[in-house]
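Asker: The amino acid sequence is not available; the structure is as follows:
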């Protein structure tokens, strides 16, 4: 087991102007479960493949432990990888698939058999060891791919969207299994996904990437509570954060009838920037239903109510500013699931004080609250 | 970790015996099936007729319209194997076998690495290279005949089986490269990456991962090369005489000035076609699998 260090690691594809991964600086601790997340094309898979040795590093370096692996071949890096489509060898049995790497490494037959049996026991694959991959279900294949990684006892596990080929229910189940397995084995793991829910539920820390640039790396909760910029704020959380472009009106941010008092620190930061507009974000649970006369309350016409049992979400449009800019005038609020408003109703909402996120409109960066 | 021990239901077996639930064929498909049988029989009919004729005596075979119920005899086959003329077909069959097998092996040895360099690790301008291979098939074979003849004469390779081996190898190489390229292109990149992460070098990746996966494709390619070499007539006819004569050339020798001995010719044609038919049947599974490799994923 070991730590992993990306140091200004850069990957530039020929004939593409923008680097796929741009000077990535990232430290992953020994035994940590780090998730790389971002929209497609953000460079998360490329970063993982650079660590695996399947992609060249054009600038910077990558370390596993104290060892510089930047120019090493995959086989010399002591890593194991789980691929999105599992990449099992179709002509080999489950047991041979799992033992292939050990065989190449020159282990004895008994040693291979022992380690494969151990991994099969952990993953409940014992009765399938003699089957070929095509005689397995998707979930079983996924476990074989995991098993192939486990038997190696590598320094680092690399996982490239290993759950995306499973159906929704199995995905949720396997998600917790992988996270639990990783914690038990204590092997440093780098996990790539485009699904922020997966990232939030599995990772010790989550690194959010966009356009090849690392935006923020932090614990799931910190990402949720203290996003460093508008992109992270909008990307993390489900349903997503409401984001609106507000006017600065005296000491308040204003959008139609929606008003929000700003703190001294925020006002100072805005003055320094010379901005008279700002971006305000508030999560669905930051909104509360209030009477029409309350200060700062704004009217919202309900278009859809999503009832999930434990929660209810209101999707609506601001009525006082047609075509306004709260994310295309749509607004999402969590409401009392026992008494949700009806479709077509007009309700009044207010941002709970202190639950707003304030960003600069010009840079997108978080401003002090 | 208790959740991991939850066993999943076994996948519905698609391979084991259980026949898939079939809808009752409708009228239309029954008609199509009938039509397919009719067309199939029409195609096989000449071969069956040839088989029947080969089992008739020469006088029965020569009648028009043919006698279906004439007594059967193996006289045609005996004649073919040289009962009266003393000319044995074995040397020419052996020549055909040598030329076909050796050239097929050579083709595979050259085509697989070439295809690898055009699909899995594509070289620069691989499309141009691929087009070059194809372009070698554009010249009519007969146009190359005279230069090849003159060349063979100069280097004293006329009537030498090695000349045919070289020619067949170069004739089949482009087709084999194209076929193998499309099979290799179906190998998922991730599988090769998994092999490299597992620690497999190039040789091991080729022999233990890529090789077994594209085996049906290799079988299909070798069968095609074998058939083309076995059936080749033009070069064999012009460039060989007695020593290196191949089976098809031997066959043409039956067209004599004394007229056609139909039973003997039919018997000969069947015997010469036999190896190809056997190879075809033996490789049928692999062939279909190979030609549709990756179509069902």
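Answerer: Right, received. Where do you want to start? All figures in this text were calculated on a predicted structure; none of them were measured in a lab. Numbers count the residues shown, from 1 in each chain, chains lettered A, B, ... in the order given.

Asker: What strand or helix carries the nearest residue to residue A:240 once chain neighbours are set aside?
Answerer: Leaving out its chain neighbours, the residue that sits closest to residue A:240 by CB to CB, 6 or more residues apart in numbering or on different chains is residue A:234, at 5.8 Å. Placement of C-beta: from N, CA and C, glycine included. If you go by DSSP states H and E, residue A:234 is part of helix A:230-235.

Asker: next one: residue B:183
Answerer: Going by DSSP H and E, residue B:183 is part of helix B:161-185.

Asker: Do me a favour and average the pLDDT over that helix.
Answerer: For helix B:161-185, the mean pLDDT works out to 93.

Asker: and what of stretch B:62-74?
Answerer: Here the average pLDDT along stretch B:62-74 is 80.

Asker: Double-check that residue B:187 belongs to a strand.
Answerer: No: assigned with DSSP: H, G, I helix; E, B strand; the rest coil, residue B:187 falls outside any strand and is coil.

Asker: After the helix holding residue A:234, which helix or strand is next? Please name it.
Answerer: Next along the chain from helix A:230-235, counting by DSSP H and E, comes strand A:242-249.

Asker: partner strands of that following strand, parallel or antiparallel?
Answerer: strand A:252-255 (antiparallel), strand A:277-282 (antiparallel) (DSSP bridges).

Asker: tell me the average confidence for that strand?
Answerer: For strand A:242-249, the mean pLDDT works out to 90.

Asker: That one: which residues count as buried?
Answerer: A:242-246, A:248 (16 or more other CB atoms under 10 Å in any protein chain shown).

Asker: hmm, who's touching it?
Answerer: Contacts with strand A:242-249, where a contact means CB atoms under 8 Å, 6 or more residues apart in numbering or on different chains, come from A:230, A:233-234, A:253-255, A:258-260, A:262, A:270, A:275-284, A:287, A:324-327, A:331-333, A:361.

Asker: And those, which of them are buried?
Answerer: A:230, A:233-234, A:253, A:255, A:258-260, A:262, A:270, A:275, A:278-284, A:287, A:324, A:326-327, A:331-333, A:361.

Asker: Pull up the gap between residue B:108 and chain A, please.
Answerer: 19 Å (CB to the nearest CB, to the nearest Å).

Asker: hey, what's the closest residue to residue A:276 other than its chain neighbours bridged with?
Answerer: Residue nearest to residue A:276 in three dimensions, not counting chain neighbours: residue A:248, with 4.8 Å by CB to CB, 6+ apart. Beta-bridge partners for residue A:248, by DSSP bridges, are residue A:253.

Asker: Helices along the chain, start to end?
Answerer: I'll assume chain A. A:44-52, A:94-104, A:109-122, A:138-150, A:168-185, A:196-202, A:220-225, A:230-235, A:264-273 (DSSP state H).

Asker: To clarify, I was referring to chain B.
Answerer: Applying DSSP H to chain B gives helices spanning B:27-54, B:58-61, B:75-80, B:90-119, B:126-135, B:145-154, B:161-185, B:189-198, B:202-204, B:211-231, B:234-239, B:247-252, B:262-282, B:284-291.

Asker: any idea which of those scores lowest on pLDDT?
Answerer: Per-stretch mean pLDDT for the helices of chain B is lowest at helix B:284-291 (a mean of 69).

Asker: Where do the domain boundaries of chain B fall?
Answerer: B:2-76, B:89-293 (automatic domain parsing).

Asker: per-residue confidence at the closest residue to residue A:95 other than its chain neighbours?
Answerer: Leaving out its chain neighbours, the residue that sits closest to residue A:95 by CB to CB, 6+ apart is residue A:129, at 4.0 Å. Listed pLDDT for residue A:129 reads 94.

Asker: contacting residues for residue A:129?
Answerer: Taking CB under 8 Å, 6+ apart, one finds A:93-95, A:116-117, A:120 in contact with residue A:129.

Asker: make it 7 Å
Answerer: Contact analysis of residue A:129 by CB atoms under 7 Å, 6 or more residues apart in numbering or on different chains lists A:93-95, A:120.

Asker: What values do phi and psi take at residue 69?
Answerer: No chain in the question, so chain A it is. phi -110, psi 10 (degrees, to the nearest 10).

Asker: any idea how far residue A:94 is from the nearest residue to it once chain neighbours are set aside?
Answerer: The shortest distance from residue A:69 to any non-neighbouring residue, by CB to CB, 6+ apart, is to residue A:77 (4.9 Å). For residue A:77, the distance to residue A:94 equals 25 Å [CB to CB, to the nearest Å].

Asker: if you count what's nearby, which of the two comes out ahead?
Answerer: residue A:94 (28 against 21; other CB atoms under 10 Å in any protein chain shown).

Asker: roughly how far apart are that one and residue A:160?
Answerer: 21 Å.

Asker: repeat for residue B:127
Answerer: 29 Å.

Asker: buried set for the helix holding residue B:183?
Answerer: B:161, B:163-169, B:171-185.

Asker: now stretch B:184-204
Answerer: B:184-185, B:187-188, B:190-200, B:204.

Asker: what sits up against it?
Answerer: A:52, A:54, A:74-75, A:79-81, A:83, A:85, A:87, A:89, A:100-101, A:104-105, B:115-116, B:119-120, B:205, B:208-210, B:213-214, B:293-294.

Asker: ChimeraX command to pick out the buried ones of those residues?
Answerer: Buried subset of the contacts of stretch B:184-204, written as a ChimeraX selection, criterion 16+ other CB under 10 Å:
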select /A:52,54,74,75,79,80,81,83,85,87,89,100,101,104 /B:115,116,119,120,205,208,209,210,213,214,293
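
Asker: could I get the strands paired with strand A:242-249 as CSV with mean pLDDT?
Answerer: Listed next are these as CSV, based on pLDDT from 0 to 100:
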stretch, mean pLDDT
strand A:252-255, 86
strand A:277-282, 92
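
Asker: For the nearest residue to residue B:236 once chain neighbours are set aside, give me its contacts.
Answerer: Distances taken as CB to CB, 6+ apart place residue B:246 nearest to residue B:236, at 4.4 Å, with adjacent residues excluded. Neighbouring residues of residue B:246 by CB under 7 Å, 6+ apart: B:92, B:95-96, B:99, B:164, B:236, B:240.

Asker: Likewise for residue A:275?
Answerer: Residue A:275 neighbours (CB under 7 Å, 6+ apart): A:360-362.

Asker: about what we covered before: can you redo the helices of chain A as TSV with mean pLDDT?
Answerer: Formatted as TSV, the helices of chain A follow (pLDDT from 0 to 100):
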stretch	mean pLDDT
helix A:44-52	95
helix A:94-104	94
helix A:109-122	94
helix A:138-150	92
helix A:168-185	91
helix A:196-202	93
helix A:220-225	95
helix A:230-235	94
helix A:264-273	91
